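Peer 1: attaching a predicted model along with its sequence, questions to come.
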Amino acid sequence: MSTVIEHIVLLKVKPEASDEDIKKLIEGAQSLRTIPGVISITVGSTFAEEWMPDRRNGHTHTLSCRLQSKEALRVYQDHPLHAQVKKECMLPVLAGPPMAVDYESVVVLGGDRTEK
């Protein structure tokens, strides 16, 4: 079975961040899809429905990046575009340091099918 690397980043955006600031953060994050080895990027606002406990711990946005390999994660982390997006689009609007985790996983689709 083939595996992928998941890079998950939890963000706490400053309350005073404007809609334009958040749009810039999201568009900047989406531009990271052009880095070699990136399979997909998703980014969006977190939420808690009224019927569920609020588990966000102040995290307002999440970025999820799926990569082809651990080597691709290294390329991604060291890529100039990643540094630029982090510096220009993310860090200026964050209330604190982002929380990031990485893990390796087999992709499972719709029950007992696996991605080939």
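Peer 2: Arrived safely, thanks for sending. Residues are numbered from 1 along each chain as shown.
Peer 1: going forward, measure contacts and count neighbours with C-alpha atoms only.
Peer 2: Will do.
Peer 1: need the next SSE after the longest helix along the chain, C-terminal direction.
Peer 2: Of all the elements of type helix in the chain, the one with the most residues (DSSP state H) is helix 19-31. Once the chain leaves helix 19-31, the next helix or strand it forms, by DSSP states H and E, is strand 38-45.
Peer 1: in three-state terms, label the most centrally placed residue in the chain for me.
Peer 2: In the chain, the C-alpha closest to the average C-alpha coordinate belongs to Leu63, at a distance of 1.8 Å (C-alpha atoms, centre = their mean). Assigned by DSSP: H, G, I helix; E, B strand; the rest coil, the conformation of Leu63 is strand.
Peer 1: hmm, Ile41 and it touching each other?
Peer 2: Yes - Leu63 is in contact with Ile41 according to C-alpha atoms under 8 Å; the separation is 7.2 Å.
Peer 1: if I look at these two, which residues touch both of them?
Peer 2: Overlap between the contact sets of Leu63 and Ile41, as judged by C-alpha atoms under 8 Å, 6 or more residues apart in numbering, is given by Ala29.
Peer 1: all helices of this structure, in order?
Peer 2: Taking DSSP H to define them, one finds helices in the chain at 19-31, 70-78, 80-85.
Peer 1: now those as JSON lines including mean pLDDT, distance to Ala95 and mean neighbour count?
Peer 2: Supplementary listing: these in JSON lines, determined by pLDDT from 0 to 100; distance: least, C-alpha to C-alpha, whole Å; neighbours: other C-alpha atoms under 10 Å:
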{"stretch": "helix 19-31", "mean pLDDT": "97", "distance to Ala95": "13", "mean neighbour count": "17"}
{"stretch": "helix 70-78", "mean pLDDT": "98", "distance to Ala95": "22", "mean neighbour count": "16"}
{"stretch": "helix 80-85", "mean pLDDT": "98", "distance to Ala95": "17", "mean neighbour count": "15"}
